[in-house]
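S.K.: what's the 3D shape of this:
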Amino acid sequence: MTRRPLLGAIALTLMLASGLARADCYDVFGCSDKNLFRLQDLVTGPTCDFLYTMRNAIYAQHGYCFRTQRGIATFGNQGCVSGNVNALGLNRIEQTNAATILKAERMLGCRD
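M.R.: Got it, this is the predicted structure:
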């Protein structure tokens, strides 16, 4: 067994435990952990697939354990810590952005 995978796993565990998840930033919307996304922007621009990826990336960055084939195929479950989004430690902006994205998905008739 090499030390690199072990060191990577340790670094990921420390990052998740310390709440230093990496946020995605978008030219139009801002960063998912610092800027509130506007519903109007989300329903007039991105595709359903893009919205799905945006929303679930917020969860994945905090160690969400995906249950669906699509989620696992897109993000994987390596290093996941919980299947409960409420236990992930999302900040208020991330929680609001995920809810706003989900609302946009529903308005557009997107399916999981």
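S.K.: only C-alpha atoms from now on, for both contacts and neighbour counts.
M.R.: Fine.
S.K.: list the buried residues of the helix or strand where residue 54 lies.
M.R.: When elements are defined using DSSP states H and E, residue 54 is found to belong to helix 48-60. If you call a residue buried by 16 or more other Cα atoms under 10 Å, then helix 48-60 has these buried ones: 48, 51, 52, 53, 54, 55, 56, 57, 58, 59, 60.
S.K.: beyond it, next helix or strand please.
M.R.: In the C-terminal direction, the helix or strand that comes right after helix 48-60 (DSSP H and E) is helix 69-75.
S.K.: ok, now how distant is the residue most central in space within the chain from residue 95?
M.R.: Centre of the chain computed as the mean C-alpha position; nearest residue by Cα atoms, centre = their mean is residue 58, 1.9 Å away. From residue 58 over to residue 95 the distance is 9 Å, taken as Cα to Cα, to the nearest Å.
S.K.: the chain: strands as residue ranges?
M.R.: Under the criterion DSSP state E, the chain carries strands at the ranges 25-26, 30-31.
S.K.: so which of the ones you listed is nearest residue 109?
M.R.: The stretch from the strands of the chain with the least distance to residue 109 (Cα to Cα) is strand 25-26; that distance is 22.8 Å.
S.K.: not counting the closest one itself, show me its contacts.
M.R.: 31, 32 (Cα atoms under 8 Å, 6 or more residues apart in numbering).
S.K.: in its sheet, which strands sit next to that strand, and in what direction?
M.R.: Each strand that pairs with strand 25-26, with its direction, by DSSP bridges: strand 30-31 (antiparallel).
S.K.: most tightly surrounded among the strands of the chain?
M.R.: Burial of these is given as mean neighbour count (mean count of other Cα atoms under 10 Å); strand 30-31 ranks first at a mean of 15.
S.K.: thanks a lot, see you next time.
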